[in-house]
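A.B. asks: Here is a sequence with its predicted model. Questions after.
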Amino acid sequence: MMPAMAVTWIAGIALVLLGQWFSAGWFQAKFVLVVVMTIMHGLFAHWVNEFRYDRNTHNQRFFRIINEIPTVLLVIVVILATVKPF
């Protein structure tokens, strides 16, 4: 895990504990999306290593599409955190 991600996770957990938002529906949805983003980060790191050792098995269309997933997740997370719809 990268240092910035570790700090972000620690700060986020601290804020959730201070705000007592564990039972809020919007937080639970946001938490799932943030976990998915963390998994995506790990996958991207893996694919960079595949490129480094010339073992890439995916075409450029795959990477163009997969590159948009974190952006979409980020937009949804920001909307959930700002609007708190449920």
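C.D. replies: Thanks, I have it.

A.B. asks: so how far is residue 44 from residue 51?
C.D. replies: To residue 44, residue 51 is 11 Å away according to Cβ to Cβ, to the nearest Å. In short, each C-beta sits where N, CA and C put it, glycine included.

A.B. asks: neighbour count winner among those two?
C.D. replies: residue 44 (15 against 11; other Cβ atoms under 10 Å).

A.B. asks: Assign that one to helix, strand or coil.
C.D. replies: Classification of residue 44 using DSSP: H, G, I helix; E, B strand; the rest coil returns helix.

A.B. asks: Quickly note the distance from it to residue 74.
C.D. replies: Taking Cβ to Cβ, one finds residue 44 at 14 Å from residue 74.

A.B. asks: Residue 51 now?
C.D. replies: 23 Å.

A.B. asks: now swap in residue 83 and tell me
C.D. replies: From residue 83 to residue 74 the distance is 15 Å (Cβ to Cβ).

A.B. asks: more crowded one of the two?
C.D. replies: Counted by other Cβ under 10 Å, residue 83 and residue 74 do not tie: residue 74 has more neighbours, with 13 against 9.

A.B. asks: Could you pull up the residues touching the more buried one?
C.D. replies: Counting by Cβ atoms under 8 Å, 6 or more residues apart in numbering, residue 74 touches residue 37.

A.B. asks: One more: residue 18?
C.D. replies: Contacts of residue 18 (Cβ under 8 Å, 6+ apart): none.

A.B. asks: Now do the helix or strand hosting it, average pLDDT.
C.D. replies: Using DSSP states H and E, residue 18 maps to helix 3-19. Mean pLDDT, computed over helix 3-19, is 92.

A.B. asks: from the chain's centre, how far out does that helix sit?
C.D. replies: Taking Cα atoms, centre = their mean, to the nearest Å, the mean C-alpha location of helix 3-19 is offset from the chain mean by 13 Å.

A.B. asks: ditto for stretch 49-65
C.D. replies: Counting by Cα atoms, centre = their mean, stretch 49-65 comes out at 20 Å from the chain centroid.

A.B. asks: what about that stretch, how long is it end to end?
C.D. replies: Start-to-end span of stretch 49-65 (Cα to Cα, to the nearest Å) is 19 Å.
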